[in-house]
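# turn this into a model:
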Amino acid sequence: MSSIVTFTGKHFDPTAPEENLIDLSDIGHALSLICRGNGHVKYFYSVAQHSIACCREAQARGYSDRVQLACLLHDASEAYMSDVTRPVKALLTEYLKVEENLQNMIWNKYLKTPLTKEEKQQVFEVDDDMLAYEFAKIMPEKIRDTEVKLKADIQCEFKIMSEVEDEFLELAKTYVQFL
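Sure thing, here's the model as predicted:
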């Protein structure tokens, strides 16, 4: 059996995940230490910061608490599998299957029921809009011809990783207790 050792000391196999081993503390910690854009950004900006921004944007758009939490957790599988850039990820068929299985398990654990097609569409729209916004702010180029207009006031500044981790966990716990 192959596994990783998580921040909280669990032995976790991303290819054969066990729901009871999925832990918000592990997710928040790991995502706060993984840099967006494979590190090709003006300064360190974590996947956790991106996830928090997606959650805030979903909230500003008036989406349900479920969609807001799904946005916060939409990259949670990366806490166990790392982040792979979109051009490379598109070529990794088996990786995509493992990632989808793990991501759905994480969503189901915390949302209690699978996301509907409409809810997933809302999550992916927020994620795509946030990606375009972040590219314009912290990357060397824009990926859309028109400026992305977000409803939330998102600041893409450098933050201390431990503060981002704490914010991620507080936000997650707020949603989890109400769902």
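
# dump the residue contacts of residue 55.
68-69, 71-72, 171 (CB atoms under 8 Å, 6 or more residues apart in numbering). Bear in mind the C-beta positions are built from the backbone N, C-alpha and C, glycine included.

# who touches the helix or strand of the chain with the lowest mean pLDDT?
When each helix and strand of the chain is scored by mean pLDDT, DSSP states H and E, helix 86-89 comes last, with a mean of 89. When contacts are defined by CB under 8 Å, 6+ apart, helix 86-89 is touched by residues 95-96, 99.

# follow-up on the earlier one: now for the contacts of residue 55: which two are most distant?
The span of these, defined through CB to CB, is set by 71 and 171 at 10.3 Å.

# pick out whichever of the two has more residues nearby.
Between residue 71 and residue 171, counted using other CB atoms under 10 Å, residue 71 has the larger neighbour count: 29 against 20.

# who's in contact with the more buried one?
The neighbours of residue 71, taking CB under 8 Å, 6+ apart as the test, are 51, 54-55, 57-58, 63, 123, 126-127.

# longest helix of the chain, counting residues only.
Taking DSSP state H as the criterion, the chain has its longest helix at helix 117-138.

# quick one on the thing from earlier: which of the contacts of helix 86-89 fall within strands?
Counted as lying in strands by DSSP state E, out of the contacts of helix 86-89, is not a single one.

# quick one: pLDDT of the residue nearest to residue 134 when sequence neighbours are not counted?
Nearest residue to residue 134, sequence neighbours excluded (CB to CB, 6 or more residues apart in numbering): residue 156, at 5.8 Å. The model reports residue 156 with a pLDDT of 94.

# quick check, residue 156 in contact with residue 138.
Yes: between residue 156 and residue 138 there is a contact at 5.1 Å, judged by CB atoms under 8 Å.

# need the residues touching each of those two.
Counting by CB under 8 Å, 6+ apart, the common neighbours of residue 156 and residue 138 are residue 45.

# re the thing from before, out of the contacts of helix 86-89, who's nearest residue 32?
When the contacts of helix 86-89 are compared for distance to residue 32 (CB to CB), residue 99 wins out at 19.7 Å.
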